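> need coordinates for the below:
(one chain, ligands or ions: 1)
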Amino acid sequence: MPVYQAPLNDIRFVLNDVLNAETLSTLPGYEETASPELTDQILEEGAKMCQEVLFPINMSGDEEGCKIENGVVTTPKGFKEAYDLFAESGWCGVACDPQYGGMGLPQTVNFVMQELICSANMSFGMYPGLSAGAYDAIYLHGTQEQKDMYLPKMVEGVWSGTMNLTEPHCGTDLGLIKTKAEPVEGEDGAFALTGQKIYISAGEHDLTENIVHLVLARLPDAPEGVKGISLFVVPKFLPKQEGDDWVPGARNQVTCASIEHKMGIKASATCVMVFEGAKGWLVGEPHKGLKAMFTMMNAARLGVAMQGLGIAEVAYQNGLAYAKDRLQMRALDGVKAPDKPADPIIVHPDVRRMLLTGKAFTEGARALALWTGMALDTAEKSGDHEKAEEAEDLVALMTPILKAYFTDMGFDVASLAMQVHGGAGYIWEYGVEQYARDARIAMIYEGTNGIQALDLVGRKMGQNFGRNLRRFFHPVSQFIEEHQANENMAEFVFPLAKAFAKLQQSTAMVAQRGLKDPVEAGAASSDYLRQFALVAMAYIWARMAHKAMEKLEAGEGDKAFYESKLHTARFFMTRMLPEADARFKMVMAGASPLMDMPAEGF
Ligand SMILES: Cc1cc2nc3c(=O)[nH]c(=O)nc-3n(C[C@H](O)[C@H](O)[C@H](O)COP(=O)(O)OP(=O)(O)OC[C@H]3O[C@@H](n4cnc5c(N)ncnc54)[C@H](O)[C@@H]3O)c2cc1C
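Below you'll find the predicted structure:
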């Protein structure tokens with residue numbers, strides 16, 4: 001059976017030592033909620049919930065999956081009880097506005113919770129995850145009446161949310177959406193929605209008393225393409241006021257026709273939704289639905305990035321446990337466990353390569369994610385316009401990078417954990433093959449990773465006249481400058497500086513060639529994103545190495561922990577960062593190796 005322990009010590013190191021997350025309490029609104037003591041308490045409680053409630057139903061949820069009968073979807077055994085406990089404990093509203101009953105905690109803490117939830121049970125995490133996206137859409141774009149009607153219920157967790165974008169003929173190209181929204185005569189402000197949506201996560205289930213669908217559709221006078229799409233809120237049961245409270249009223253004409261049989265996240269219901277004149281109300285302005293949806297999709301993309309990290313962490317932990325236990329062959333440099341018939345496989349260099357890849361990825365990715373989380377908090381809460389803008393630019397830039405790199409690596413690390421297990425890795429009861437199956441979808445939904453790469457080169461790079469890029473380049477240059485004379489740091493700063501110089505070169509190339517020919521930008525995009533991600537990881541690893549060194553020099557804290565950090569930082573710089581060089585060469589090769597071949601040549 002698989003194991004999972006929330007990596008709280010590592011989270012504490014990142015928050016308290018590397019990123020000084022207590023500075024979040026200087027932001028308006030976080031004075032009370034961002035103290036290290038409170039954060040620690042919350043995370044301890046969150047870890048318990050994930051380890052003791054969500055993790056034990058992860059494999060059974062995978063085995064049983066969701067079921068549908070006459071349009072009624074049931075989640076696997078134990079999910080409803082776990083969800084009720086989760087919601088009652090307030091976890092549906094971690095970063096939500098206290099005005100609507102939320103905990104009002106920083107997004108940084110929310111990021112940590114998302115990682116822990118996805119490690120414990122990614123399928124379960126889909127339900128509150130989708131609700132959080134729908135909450136954001138209404139919170140940012142809804143009317144006050146819509147906010148009062150829906151948000152307290154969603155924060156309480158008794159109503160959940162969905163995002164209805166995809167249709168049978170379009171997922172990436174949402175400009176092709178066909179679902180119609182027509183004004184209902186005599187009902188002020190109501191529309192009747194007709195159409196079909198597919199692959200809708202949490203579209204129907206038995207966890208909550210109501211489901212709040214956020215749906216993209218076209219108004220009758222809508223212009224063609226993406227400029228003619230509007231966003232609607234379509235509740236499963238029409239809310240009815242009872243005193244101060246809103247309760248589920250009449251059933252709306254939105255139903256689940258079927259659920260998908262799929263590779264992973266089997267306990268997450270993936271639904272075909274049919275709208276047959278379902279009543280809905282506009283959220284935000286007419287024809288501006290895609291823009292509204294995008295504000296929430298950015299948050300959702302970071303949430304999906306955390307799925308990649310969460311799965312990688314739990315897969316790594318299980319690979320490690322197995323490698324310490326499984327006895328096979330002797331170490332190349334002599335027997336290590338003479339009292340046993342063979343040595344544990346952790347002695348073998350190739351097994352260590354796989355484990356260290358998982359360790360270096362998860363620890364680096366966690367730090368990078370929380371660095372971005374702190375920027376998100378600054379962007380949202382800082383009263384200082386300049387600081388908020390700077391932070392917002394950084395988040396905009398990092399979002400596609402984190403989404404694509406973390407989810408690619410989530411799958412890779414899960415696959416490596418399977419490999420560490422040998423044949424057992426392929427067998428269901430050991431639990432690791434589920435991680436690979438669950439992780440795979442994160443590379444596809446919320447905009448495929450190819451689309452993230454296009455977002456990076458086509459939008460984020462050039463946005464604000466290149467200001468976004470400077471928000472990343474500046475702290476990296478500054479760090480290199482500050483530490484380049486420190487001999488002890490040379491093994492981290494030099495590789496970072498070299499990789500950073502190459503990133504600047506490829507950035508200039510992508511910008512120049514891409515301006516002349518968008519095919520060049522498209523051809524470079526995925527390799528460029530990967531190169532960028534590796535340099536960002538090198539930057540954060542160098543920062544962590546510096547902090548670990550400081551702690552060791554001061555004789556503070558857990559020596560073994562900091563020494564392990566330095567070993568892992570060395571592994572990253574020498575065995576993972578060199579990939580950035582190969583990606584650089586691929587970027588520089590330009591579009592012709594991809595585009596010269598006619599389609600018939602394939
Ligand atoms: C389990 C699951 C859960 C999901 N949950 C939801 C949900 O809750 N709500 C929702 O609305 N949708 C959901 N989806 C749908 C998901 O977001 C889409 O499947 C995804 O966005 C891709 O769209 P598509 O399937 O139409 O692929 P397509 O758009 O057909 O893409 C096919 C391939 O072409 C590539 N491609 C397309 N256009 C370009 C381009 N311009 N340049 C380069 N490459 C391109 C893509 O990257 C991809 O590799 C879910 C899907 C699954 C499987």
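> show me what residue of the stretch 451-600 of the chain gets nearest to the ligand.
residue 451 (5.3 Å; CB to the nearest ligand atom). (C-beta placed from N, C-alpha, C; glycine too.)
> name the element that residue belongs to?
With secondary structure defined by DSSP states H and E, residue 451 is part of helix 449-455.
> what packs against that helix?
Secondary-structure packing of helix 449-455 (3 or more CB pairs under 8 Å, 6 or more residues apart in numbering; DSSP states H and E): helix 385-420, helix 518-554.
> beyond the last one, next helix or strand please.
By that I understand helix 518-554. Proceeding N to C from helix 518-554, the next assigned helix or strand is helix 559-571, under DSSP H and E.
> what of the shortest one?
For helix 385-420, the succeeding helix or strand toward the C-terminus, using DSSP H and E, is helix 432-440.
> is that next one in proximity to the ligand?
No: judged by CB under 6 Å from any ligand atom, helix 432-440 makes no contact with the ligand; its nearest approach is 9.4 Å.
> can you list contacts of that helix?
For helix 432-440, the surrounding residues in contact (CB atoms under 8 Å, 6 or more residues apart in numbering) are 2, 58-59, 62, 122-123, 263-265, 307-308, 311-312, 314-315, 318-319, 407, 410-411, 414-415, 417-418, 421, 424-428.
> okay, the angle between that helix and helix 385-420?
If you take axes from the mean of the first three to the mean of the last three CA atoms, to 10 degrees, helix 432-440 sits at 150 degrees to helix 385-420.
> what number of residues lie near the residue of the chain found nearest the ligand?
Minimum separation of the chain from the ligand (CB to the nearest ligand atom) falls at residue 171, amounting to 2.0 Å. Residue 171 has 17 neighbouring residues, counting by other CB atoms under 10 Å.
> ok, residue 131 next?
If we define neighbours as other CB under 10 Å, then residue 131 has 27 of them.
> for the residue of the chain closest to the ligand, report the pLDDT, please.
Listed pLDDT for residue 171 reads 94.
> restrict the contacts of helix 432-440 to contacts with the ligand.
Answer for the contacts of helix 432-440 near the ligand: none qualify (CB under 6 Å from any ligand atom).
> for the chain, what lies in contact range of the ligand?
Within reach of the ligand by CB under 6 Å from any ligand atom, the chain has these residues: 163-166, 170-172, 199-201, 262, 270, 441, 444-445, 447-448, 450-451, 454.
> so which of those sit within helices?
Among the residues of the chain next to the ligand, the ones falling in helices (DSSP state H) are 450, 451, 454.
> ramachandran angles for the closest residue to the second one other than its chain neighbours?
It refers to residue 451. Excluding its sequence neighbours, the residue lying closest to residue 451 (CB to CB, 6 or more residues apart in numbering) is residue 172, at 5.8 Å. The phi/psi pair for residue 172 (degrees, to the nearest 10) reads phi -70, psi -40.
> now do the contacts for residue 172.
Taking CB under 8 Å, 6+ apart as the criterion, residue 172 is in contact with 447, 448, 451.
> one more: residue 460?
Taking CB under 8 Å, 6+ apart, one finds 396, 397, 399, 400, 468 in contact with residue 460.
> what sits against the fourth one?
If a contact means CB under 8 Å, 6+ apart, then residue 400 has 301, 447, 452, 453, 455, 456, 460, 529 as its contacts.
> got the residues you listed as JSON lines, with distance to residue 253 columns?
Shown next, in JSON lines, are these (distance: CB to CB, whole Å):
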{"residue": "301", "distance to residue 253": "31"}
{"residue": "447", "distance to residue 253": "30"}
{"residue": "452", "distance to residue 253": "35"}
{"residue": "453", "distance to residue 253": "39"}
{"residue": "455", "distance to residue 253": "35"}
{"residue": "456", "distance to residue 253": "40"}
{"residue": "460", "distance to residue 253": "40"}
{"residue": "529", "distance to residue 253": "42"}
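> mind putting those residues into TSV with pLDDT?
Shown next, in TSV, are the contacts of residue 400 (pLDDT from 0 to 100):
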residue	pLDDT
301	96
447	96
452	98
453	98
455	96
456	97
460	94
529	98
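> buried only: go through the residues of the chain next to the ligand for me.
Burial by neighbour count, judged by 16 or more other CB atoms under 10 Å, picks out 163-166, 171, 199-201, 270, 441, 445, 447-448, 450-451, 454 from the residues of the chain next to the ligand.
> which one of those residues is nearest residue 33?
Using CB to CB, residue 163 is the member of these that sits closest to residue 33, with 27.4 Å.
> what helices and strands are in contact with the helix or strand of the chain with the lowest mean pLDDT?
When each helix and strand of the chain is scored by mean pLDDT, DSSP states H and E, helix 289-325 comes last, with a mean of 93. Here helix 289-325 is seen to pack against helix 107-141, strand 159-164, strand 210-217, strand 230-235, helix 349-381, helix 385-420, helix 432-440 when contacts are counted using 3+ CB pairs under 8 Å, 6+ apart.
> could these go into JSON lines alongside distance to residue 241 and mean pLDDT?
Listed next are those as JSON lines, based on distance: least, CB to CB, whole Å; pLDDT from 0 to 100:
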{"stretch": "helix 107-141", "distance to residue 241": "17", "mean pLDDT": "97"}
{"stretch": "strand 159-164", "distance to residue 241": "14", "mean pLDDT": "97"}
{"stretch": "strand 210-217", "distance to residue 241": "14", "mean pLDDT": "98"}
{"stretch": "strand 230-235", "distance to residue 241": "13", "mean pLDDT": "98"}
{"stretch": "helix 349-381", "distance to residue 241": "31", "mean pLDDT": "97"}
{"stretch": "helix 385-420", "distance to residue 241": "37", "mean pLDDT": "97"}
{"stretch": "helix 432-440", "distance to residue 241": "40", "mean pLDDT": "98"}
